[in-house]
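Visitor: sequence and predicted model, in that order:
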Amino acid sequence: MEQSEFEGIPGLHLGYVASLSFYRRIDEIAVFDAHPANAVTSHGVVFPIDFIIQRASSLMKEHIENLM
């Protein structure tokens, strides 16, 4: 995720209790429910198969940035 310029959102575990959440400021994309069971890895590349990916609304963006 860091290679794609996403930053982790500390303490935000949506979907699965140990899942990770990320945010990319440049295009306001939020990713939730990121954990190994929701991705496939092939040749060192991670392919999300069940992450929740969306463009952050202004309210969501404000909340996420307050967490970071």
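Guide: On my side now, so go ahead.

Visitor: when you work out contacts or count neighbours from here on, use the C-alpha atoms and nothing else.
Guide: Will do.

Visitor: residue most distant from the centroid, this protein?
Guide: Using CA atoms, centre = their mean, the residue of the chain lying farthest from its centre is residue 43. It sits 21.5 Å away.

Visitor: pull out the buried positions in the helix or strand bottoming out on mean pLDDT in the chain.
Guide: Sorting the helices and strands of the chain by mean pLDDT, DSSP states H and E puts strand 45-48 at the bottom, at a mean of 88. Within strand 45-48, the residues that qualify as buried are residue 48, counting by 16 or more other CA atoms under 10 Å.

Visitor: ok, residues contacting that strand?
Guide: Strand 45-48 is touched from outside by 34, 38-41, with contacts defined as CA atoms under 8 Å, 6 or more residues apart in numbering.

Visitor: sorry, back to before: got the contact list for the residue farthest from the centre of the chain?
Guide: Under the criterion of CA under 8 Å, 6+ apart, residue 43 has no contact partners.

Visitor: next one: it from residue 63, what distance?
Guide: Noted for residue 43: a distance of 36 Å to residue 63, by CA to CA, to the nearest Å.

Visitor: quick one: the strands in this protein?
Guide: Using DSSP state E, the strands of the chain run over residues 7-8, 20-24, 29-34, 39-42, 45-48, 52-55.

Visitor: looking at those strands, which is closest to residue 14?
Guide: Among the strands of the chain, the nearest to residue 14 by CA to CA is strand 29-34 (5.5 Å).

Visitor: who touches that closest one?
Guide: When contacts are defined by CA under 8 Å, 6+ apart, strand 29-34 is touched by residues 13-16, 19-24, 48, 50-56.

Visitor: same thing but 10 Å
Guide: For strand 29-34, the external contacting residues (CA atoms under 10 Å, 6 or more residues apart in numbering) are 1, 6-9, 12-24, 48-57, 60-61, 64.

Visitor: sorry, back to before: any chance of CSV for the strands of the chain, columns distance to residue 68?
Guide: Shown next, in CSV, are the strands of the chain (distance: least, CA to CA, whole Å):
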stretch, distance to residue 68
strand 7-8, 8
strand 20-24, 9
strand 29-34, 13
strand 39-42, 24
strand 45-48, 23
strand 52-55, 17
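
Visitor: lowest-confidence stretch among those?
Guide: For the strands of the chain, mean pLDDT drops lowest on strand 45-48, to a mean of 88.
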